[in-house]
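In: structure here, sequence nowhere to be found:
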């Protein structure tokens, strides 16, 4: 059996018996036990009542967290001419067309968000097997295939978070940093839960929001009341 460190053991003891708590209680507990040497990310995991194998039960969307993510998001934009210039002026970290495609094909992916103008999609489409598994493929449904590249870049840099249900109906995302004020974390969490709730697909049957858990990067998870998190 692997040896459990003092920090991990202390965190587990602090979380023991804490089930179905309010978002405020969970955030306070997580912050008080986030003792790593770096600023841990506060993460949310939601178990949804959907089967992602069916097209009418897919859940995906985007939400602008009111207090940002606390993360420096690197943005790549596929664009040419004036749109490429707009992307650069808006703060995009990487801008290109065929040259960027070749860079990505070569295995260099040093960005967290990928945006493309519609005319670039034939080029970007060749990267589906590379970008798809990393959830980086531009998609008009989440605003990353657009002519408004400047706004898309600013949104990505300003705390916009994409979400997508994966196998088992799980949605996972970072919703801030442990150094954030409790009130700001609570506001971000509720904004994220609200966005996922509004993205309920037509094919979902029965209970949609089944379970919600919060944790920090190095800490254990704590389940929160679905009704409380959803603001019901």
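Out: That came through fine. The structure displayed is predicted, hence computed values, not measured ones.
In: quick check: longest helix of this protein.
Out: Scanning the chain for the helix with the most residues, using DSSP state H, yields helix 182-198.
In: quick check: phi and psi on the closest residue to residue 135 other than its chain neighbours?
Out: Closest residue in space to residue 135, ignoring its immediate chain neighbours: residue 164 at 6.1 Å, by C-beta to C-beta, 6 or more residues apart in numbering. C-beta coordinates here come from the backbone N, C-alpha and C atoms, glycine included. Phi and psi for residue 164, reported as degrees, to the nearest 10, are phi -150, psi 130.
In: contacts only, for residue 164.
Out: 58, 59, 60, 135, 171 (C-beta atoms under 8 Å, 6 or more residues apart in numbering).
In: try it again with 10 Å
Out: 52, 58-62, 135, 139, 141-142, 170-173, 199 (C-beta atoms under 10 Å, 6 or more residues apart in numbering).
In: for these, pick the one with the most neighbours.
Out: Tallying neighbours with other C-beta atoms under 10 Å puts residue 171 at the head of the contacts of residue 164, with 23 neighbours.
In: check the residue most central in space within the chain and give its pLDDT.
Out: Centrality entry for the chain: nearest residue to the mean C-alpha point is residue 173, 3.6 Å, by C-alpha atoms, centre = their mean. pLDDT, residue 173: 95.
In: check residue 2 too.
Out: As predicted, residue 2 sits at a pLDDT of 52.
In: again, but for residue 22
Out: 95.
In: now it: closest residue in space that isn't a chain neighbour?
Out: Leaving out its chain neighbours, the residue that sits closest to residue 22 by C-beta to C-beta, 6+ apart is residue 228, at 4.7 Å.
In: that neighbour reaches residue 212, doesn't it?
Out: Yes: the pair residue 228 / residue 212 is scored as a contact, 9.1 Å apart, by C-beta atoms under 10 Å.
In: give me the common contacts of these two.
Out: With C-beta under 10 Å, 6+ apart as the test, residue 228 and residue 212 both reach 20, 23, 26, 193.
In: in a markdown table: those residues, plus secondary structure and distance to residue 97.
Out: Supplementary listing: the shared contacts of residue 228 and residue 212 in a markdown table, determined by DSSP: H, G, I helix; E, B strand; the rest coil; distance: C-beta to C-beta, whole Å:
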| residue | secondary structure | distance to residue 97 |
| --- | --- | --- |
| 20 | coil | 51 |
| 23 | helix | 44 |
| 26 | helix | 45 |
| 193 | helix | 38 |
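In: filter those residues down to the buried ones, ChimeraX style.
Out: Restricted to buried positions by 16 or more other C-beta atoms under 10 Å, the ChimeraX selection for these reads:
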select :23,26,193
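In: for the shared contacts of residue 228 and residue 212, which one is nearest residue 83?
Out: Using C-beta to C-beta, residue 193 comes nearest to residue 83 of the shared contacts of residue 228 and residue 212, at 34.5 Å.
In: which strands and helices lie in contact with whatever helix or strand residue 27 lives in?
Out: Element membership of residue 27 [criterion: DSSP states H and E] is helix 23-33. If contacts are counted by 3 or more C-beta pairs under 10 Å, 6 or more residues apart in numbering; DSSP states H and E, helix 23-33 sits against helix 6-15, strand 41-48, strand 170-177, helix 182-198, strand 209-216, strand 222-224, helix 226-229.
In: what about stretch 33-51, distance to the chain center?
Out: Distance of stretch 33-51 from the chain centroid (C-alpha atoms, centre = their mean, to the nearest Å) equals 10 Å.
In: tell me the mean pLDDT over it?
Out: In the prediction, stretch 33-51 has an average pLDDT of 94.
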